[in-house]
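Participant: sequence first, then the predicted structure:
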Amino acid sequence: SSSAAAAAAAAAVSTAAAAAAVLGTVTGAAGEGGDMSLLPCIPCAMMHRSTGCSGCVAHVGASSAATFRKCFPFYLSIHLVPFAVLNAAKALRDPVGTVTKSVAATVRSTAFISAFVGLYMGAVCTHRNLVGRDHRAVYYAAGVVAASALFIEKKSRRAELALYLMPRAVDSLVATMAGKRMLPAIPHAELLLFCAVSGGLMHLYENEPDTLAGFLRSTIRRFVHRPNAPLPHSASEAMMQVVHEDEEEEDE
């Protein structure tokens with residue numbers, strides 16, 4: 001799908017840009033003159049210090065397993081807490097089902113990020129073992145290979161990841177170009193962009209709420225009071241008001 005392709009491209013650019021920047025530092029330290037994009041291969045054993053594994057296959061497996069252990073609690077909070085808060089009515093009606101679905105989604109998302117790490121490292125190690133030399137393009141190609149892990153995620157999640165990764169990819173590209181003085185450095189550019197995007201979202205929320213996605217519209221409603229809605233007198237009343245609005249949307 002287009003969202004999957006966009007997310008895959010964004011993941012490849014964002015990851016590879018950082019790796020290429022590191023490789024550029026290594027090539028610069030290797031010496032001056034000659035082809036700075038091509039250098040003798042760094043032994044894989046030296047690159048496996050994070051796991052202590054001498055073999056590439058063992059290193060990839062250990063890195064993926066470590067990523068799974070570290071990311072599982074994070075993804076569980078992402079899947080469980082927002083759903084319980086933003087879909088309070090559904091969570092209260094079926095708490096066991098809510099937890100079960102959240103855990104299943106957490107396993108799927110954690111498997112995605114673990115596979116991403118494993119595929120990226122595996123692609124780089126494979127090239128080193130087959131060719132015996134490093135090149136900048138290898139890290140971009142490895143990013144494309146790793147981005148294929150995106151298909152582990154649900155189709156609806158791919159669009160969300162695309163919305164997150166594309167700005168990060170653009171940010172990496174702009175930062176790289178600014179570092180090479182190909183673009184001027186604008187003070188507080190991220191803050192200005194955030195204000196512009198937030199202003200656009202709030203304009204749509206106030207004047208054309210139907211143009212926003214349902215999840216985004218309901219999320220904003222939790223924190224922003226619309227002028228034509230009655231003000232709640234307590235926190236519990238505010239929560240019940242949100243639950244009632246969610247039920248009305250489900251009925252529609």
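Facilitator: Thanks, I have the structure now.

Participant: what are the ranges of the helices in the stretch 51-200 of the chain?
Facilitator: In the stretch 51-200 of the chain, the helices defined using DSSP state H, counting those that start in this stretch lie at 56-86, 88-93, 95-131, 136-147, 155-179, 189-207.

Participant: quick check: angle from the longest one to helix 56-86?
Facilitator: With axes from the mean of the first three to the mean of the last three CA atoms, to 10 degrees as the criterion, the two stretches helix 95-131 and helix 56-86 enclose an angle of 150 degrees.

Participant: adding mean pLDDT, write the helices of the stretch 51-200 of the chain out as JSON lines.
Facilitator: Shown next, in JSON lines, are the helices of the stretch 51-200 of the chain (pLDDT from 0 to 100):
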{"stretch": "helix 56-86", "mean pLDDT": "87"}
{"stretch": "helix 88-93", "mean pLDDT": "76"}
{"stretch": "helix 95-131", "mean pLDDT": "89"}
{"stretch": "helix 136-147", "mean pLDDT": "89"}
{"stretch": "helix 155-179", "mean pLDDT": "81"}
{"stretch": "helix 189-207", "mean pLDDT": "85"}
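
Participant: export those helices as a markdown table, with columns for mean neighbour count and distance to S218.
Facilitator: The way it works is simple: take the backbone N, C-alpha and C, and place the C-beta from them, glycine included. Converted to a markdown table, the helices of the stretch 51-200 of the chain look like this (neighbours: other CB atoms under 10 Å; distance: least, CB to CB, whole Å):
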| stretch | mean neighbour count | distance to S218 |
| --- | --- | --- |
| helix 56-86 | 16 | 6 |
| helix 88-93 | 14 | 11 |
| helix 95-131 | 17 | 16 |
| helix 136-147 | 20 | 30 |
| helix 155-179 | 16 | 15 |
| helix 189-207 | 12 | 11 |
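
Participant: save these as CSV, and put in distance to P43 too.
Facilitator: Converted to CSV, the helices of the stretch 51-200 of the chain look like this (distance: least, CB to CB, whole Å):
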stretch, distance to P43
helix 56-86, 11
helix 88-93, 52
helix 95-131, 8
helix 136-147, 15
helix 155-179, 28
helix 189-207, 39
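
Participant: right, and the ones you listed - which one's nearest A45?
Facilitator: helix 56-86 (8.9 Å; CB to CB).

Participant: wait, isn't H127 in contact with V138?
Facilitator: Yes: H127 lies in contact with V138 (CB atoms under 8 Å); the separation is 4.9 Å.

Participant: count the neighbours of D210 for me.
Facilitator: 7 (other CB atoms under 10 Å).

Participant: next, it: phi, psi?
Facilitator: Main-chain torsions, D210, degrees, to the nearest 10: phi -70, psi -20.

Participant: identify the residues contacting it.
Facilitator: If a contact means CB atoms under 8 Å, 6 or more residues apart in numbering, then D210 has no contacts.

Participant: tell me how far it lies from R217.
Facilitator: 8 Å (CB to CB, to the nearest Å).

Participant: contacts for stretch 184-200, please.
Facilitator: Contacts for stretch 184-200 (CB under 8 Å, 6+ apart): 171, 174, 178.

Participant: please repeat the previous calculation with a cut-off of 10 Å.
Facilitator: 167, 170-171, 174-175, 177-179 (CB atoms under 10 Å, 6 or more residues apart in numbering).

Participant: what about the closest residue in space to A62 that isn't next to it in sequence, neighbour count?
Facilitator: Leaving aside its sequence neighbours, A62 sits nearest to T51 (CB to CB, 6 or more residues apart in numbering; 4.1 Å). Number of residues near T51 (other CB under 10 Å) recorded here: 15.

Participant: which residues touch T51?
Facilitator: Contacts of T51 (CB under 10 Å, 6+ apart): 58-63, 65-66, 121.
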